[in-house]
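J.: Got a sequence here, can you build the structure:
(2 chains)
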Amino acid sequence: MKEKSGKIIGLGLESSCDETSASVVVDGRKILSNRIYSQVELHCEYSGVVPEIASRAHLEKINTLIEMALDESRLKFSDLDYVAATNRPGLTGSLLIALQSAKAISFAMDIPLIGVNHLEAHLYAPFLEGNEPAYPFIGLLISGGNTALYRVNGPGEMVLIGKTVDDAVGEAFDKVSKYIGLGYPGGPLVESLARESALKKVFFPKIMTDPDDTRFSYSGLKTAVINHIKQNPDQNKADIVYSFQERALELLVRRLFTASRKSGINRMVVAGGVAANGRLRELIESERKNNEEVLIPSPLMCTDNAAMIAGISYQYYIRKIFDSYAIDVSAKP
Amino acid sequence: MKETITSNSPEETFSFAEELGRKISGFSVIALYGDLGAGKTIFTKGLARGLGIDEDITSPTFSLMESYEGDKPLHHFDLYRIENLNEFENLRFEEYWESEGVSVIEWPEKAGDLLPENRINVFIEYINENMREITIEYTGN
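T.: Got it, this is the predicted structure:
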């Protein structure tokens, strides 16, 4: 039985990396359930995701998560209007689990199937937390595998402004964290250690200072940090990671606002795991002018989850953009 | 065969790798050894340029592998996150190593004995902030 007639109910599935998730969303705005199983502990000793372990764990969890998501929403398969799954980018063996599950549900219930770009879905997260979906916006996607800036004109219309030429920003956090023995994932550990810095001095140079450049780069900063530690093995690690974090985040903030101000699009969305960084939020808030709007999801919604998959695919559903069963997974966006 | 050079800057490392990329023939596997921050990224970027690849070479740490089209294809592997030989075997990367093109493997230590016998070992050693010692070793035949 439908909760209320006329409402569009979507089921989203996600298994692109180390989170397995199933979520029910109404009208692309309201989350009824968002069940997430994280494999972080499974992968901790490897300092990251191991594809074979990940794929098996997704397979073991997905059916239970789908049932839990429906139960929590007090809905049945027959209440669904569409089913969506991330089909790109990611580890192909992992992506297959959610996509094949979605195909099965689509076929059995005779409802539309929608394959979703994981990156686009991340940038939709703020619209599931009370912000009315609106285009265009400047989207900054920052995580362990991605660092990219887009002009998002509408659903499926992401124009790349610039991306990293080497490492992702989250990867730089992970590697610095591992180098100084903090652990994985590096982001929260580096952030909390940086808060202990008494010196609060930034001694690494700014990265990529050409104002017309739209790209990102983190390999050089990572190397500078490691070289600095080799040469100053006794220096307080909190002071070092403070300096690292300031520079890593400064480039993100600079590129974001430059893109917004150059394009005249004053709505911005910052999403992905690194968007959960509290210091980044402070830096954005101090740069932001009154006429500018920066939407950042809550920390939970910055992580991989299926609500954002069900959410963005609503925008496809209402535009009647569906996929056939021939749709496949892809490692690339 | 083994040769060692000293690089005085990242630019020199890039040029050296670019030269190697130009000379190298298909079906080559390069095992790239060096600590975090040694210059493996710069080296791979130079190599890619030498192979006639225009695209940016981004870190495959997260994705484990990226392929690029150029005059000769480049398969760029990063085994940083692999710690278990069994997991590595499941990835079936050997299929790429036997296909045409140049495969560069970062953190090849993780592959243990599974690396092909015929390969080029590149060791990048940290001397100081700018200087690196680069050793190239051809193994097998």
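J.: Next, see if stretch B:66-84 gets close to chain A.
T.: Yes. Using C-beta under 8 Å from any C-beta of the partner chain, a contact is recorded between stretch B:66-84 and chain A, made by B:80-84. Glycine gets a C-beta too; all of them are placed from N, C-alpha and C.
J.: So the residue in the stretch 51-200 of chain A that chain B sits nearest to, which state does it fall into?
T.: In the stretch 51-200 of chain A, the residue that lies nearest chain B is A:G145 (3.6 Å; C-beta to the nearest C-beta). Here A:G145 is coil, with the state taken from DSSP: H, G, I helix; E, B strand; the rest coil.
J.: out of the residues of stretch B:66-84 next to chain A, which are buried?
T.: Neighbour counting over the residues of stretch B:66-84 next to chain A (16 or more other C-beta atoms under 10 Å in any protein chain shown) leaves B:80-82 as the buried ones.
J.: how far away is the nearest residue to B:P73 once chain neighbours are set aside from chain A?
T.: Closest residue in space to B:P73, ignoring its immediate chain neighbours: B:G101 at 3.5 Å, by C-beta to C-beta, 6 or more residues apart in numbering or on different chains. Separation of B:G101 from chain A (C-beta to the nearest C-beta, to the nearest Å): 17 Å.
J.: Surely B:G101 is in contact with B:D71?
T.: No. Applying C-beta atoms under 8 Å, one finds B:G101 not in contact with B:D71, separated by 10.3 Å.
J.: hmm, which helix or strand of the chain has the shakiest average pLDDT?
T.: Unless you meant another one, I'm taking chain A. In chain A, the helix or strand scored least confidently by mean pLDDT, DSSP states H and E is helix A:40-43, which has a mean of 60.
J.: was after chain B, sorry
T.: Taking mean pLDDT, DSSP H and E as the measure, helix B:85-91 is the helix or strand of chain B with the lowest mean score, a mean of 70.
J.: what about stretch A:317-333, average pLDDT?
T.: The pLDDT scores in stretch A:317-333 average 93.
J.: Quick one: distance of that stretch to the chain centre.
T.: Computed by C-alpha atoms, centre = their mean, to the nearest Å, the chain-centroid distance of stretch A:317-333 equals 19 Å.
J.: any idea how far B:L64 is from the residue nearest to the spatial centre of chain B?
T.: Compute the mean C-alpha point of chain B, and by C-alpha atoms, centre = their mean the closest residue is B:V104, 3.2 Å away. For B:V104, the distance to B:L64 equals 13 Å [C-beta to C-beta, to the nearest Å].
J.: which neighbours do the two share?
T.: B:F77 (C-beta atoms under 8 Å, 6 or more residues apart in numbering or on different chains).
J.: Three-state assignment for A:N291, please.
T.: Under three-state DSSP, the three-state class of A:N291 is coil.
J.: does A:A85 belong to a helix or a strand, and which?
T.: Under the criterion of DSSP states H and E, A:A85 resides in strand A:82-88.
J.: Report whether the following helix or strand past that strand contacts chain B.
T.: Scanning forward in sequence from strand A:82-88 by DSSP H and E, the next helix or strand is helix A:92-109. No. Between helix A:92-109 and chain B, judged by C-beta under 8 Å from any C-beta, nothing touches; the nearest distance is 9.1 Å.
J.: same deal with stretch A:243-258?
T.: No. Under the criterion of C-beta under 8 Å from any C-beta, stretch A:243-258 makes no contact with chain B; the nearest approach is 12.5 Å.
J.: where's that stretch relative to the chain centroid, distance-wise?
T.: Distance, centroid of stretch A:243-258 to centroid of chain: 18 Å (C-alpha atoms, centre = their mean).
J.: Report the mean per-residue pLDDT for it.
T.: Mean pLDDT, stretch A:243-258: 98.
J.: And the residue nearest to B:P73, how close does it get to B:T139?
T.: For B:G101 relative to B:T139 (C-beta to C-beta), the value is 19 Å.
J.: so where is chain A shaky, pLDDT-wise?
T.: Across chain A, the ranges flagged by pLDDT under 70 are A:1-5, A:40-52.
J.: The least confident helix or strand of chain A: what's the following helix or strand?
T.: On the C-terminal side of helix A:40-43, the closest following helix or strand by DSSP H and E is helix A:51-73.
J.: Going by neighbour count, list what's buried in that following helix.
T.: A:51-59, A:61-62, A:65-66, A:69-70, A:73.
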